[in-house]
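>>> Build the 3D model from these lines:
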Amino acid sequence: MTSASRDLYSFLKDRGWTPQPATETSADTEPAEKPDGSKPFLDFDSEDVGEKLRQASDEQLNEASFGIVRVDDSGEVEFYNQYESDLSGVSPEDAIGRNFFTSLAPCANNRIFQGRFKKGVRSGSLDEQFTYTFTYKMRPTLVEIRLYRDTQSNNWVLVRER
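Modelled structure (predicted):
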């Protein structure tokens, strides 16, 4: 464990956070089945999830078991799904039209998060995945982030609580 991660761990532990057992995830893992036995249309770990997002209906996007936010090149929210709404406490109606990085999640307004987004938008190619901790207006929440730019230049921010 690095010094920085040890400091973050101590900070979170001092504020009542207790680590949860790690669960293994990988791109080779089959997506969990839905109650009716079918596989979900969208799977966070799937290699083709980015292109499936573009094809998905609003209903499919809202049924996903992870947060989905579509933003324009400047970071303005165009779509905000129900999972993300439940996680953040911000209704989709209140999120749409606001800047994700400066208004909804200013804790992501940094080189680690927004910097990767901007670099991908500039290059026209964005497919990044990393672990992050959201802290704005919520208890520190460890999440897995996936940033993706599809073939139609839609930018997607995927969020899965860890």
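>>> ok, and the closest non-adjacent residue to residue 92?
Nearest non-adjacent residue to residue 92, counting by CB to CB, 6 or more residues apart in numbering: residue 80, 4.3 Å away. Every residue, glycine included, has its C-beta placed from N, CA and C.
>>> For the one you found, give its distance to residue 156.
12 Å (CB to CB, to the nearest Å).
>>> Check residue 89 too.
Residue 89 is 21 Å from residue 156, by CB to CB.
>>> And these two? Which one has more around it.
Neighbours were counted for residue 89 and for residue 156 using other CB atoms under 10 Å; residue 156 has more, 21 against 9.
>>> show me what contacts that one?
Residues in contact with residue 156, defined by CB atoms under 8 Å, 6 or more residues apart in numbering, are 50, 53, 68-71, 146-150.
>>> thinking again about what came up before, overlap in contacts of residue 80 and residue 156?
68-69.
>>> Can you identify the element that follows the worst-scoring helix or strand of the chain on mean pLDDT toward the C-terminus?
Using mean pLDDT, DSSP states H and E, the weakest-scoring helix or strand in the chain turns out to be helix 3-14, at a mean of 57. Next helix or strand after helix 3-14 toward the C-terminus (DSSP states H and E): helix 49-55.
>>> got the contact list for the helix or strand following that next one?
Remark: after helix 49-55, the chain's next helix or strand is helix 58-63, criterion DSSP H and E. Residues from elsewhere that reach helix 58-63, judged by CB under 8 Å, 6+ apart: 40-42, 53, 68, 79, 81-83.
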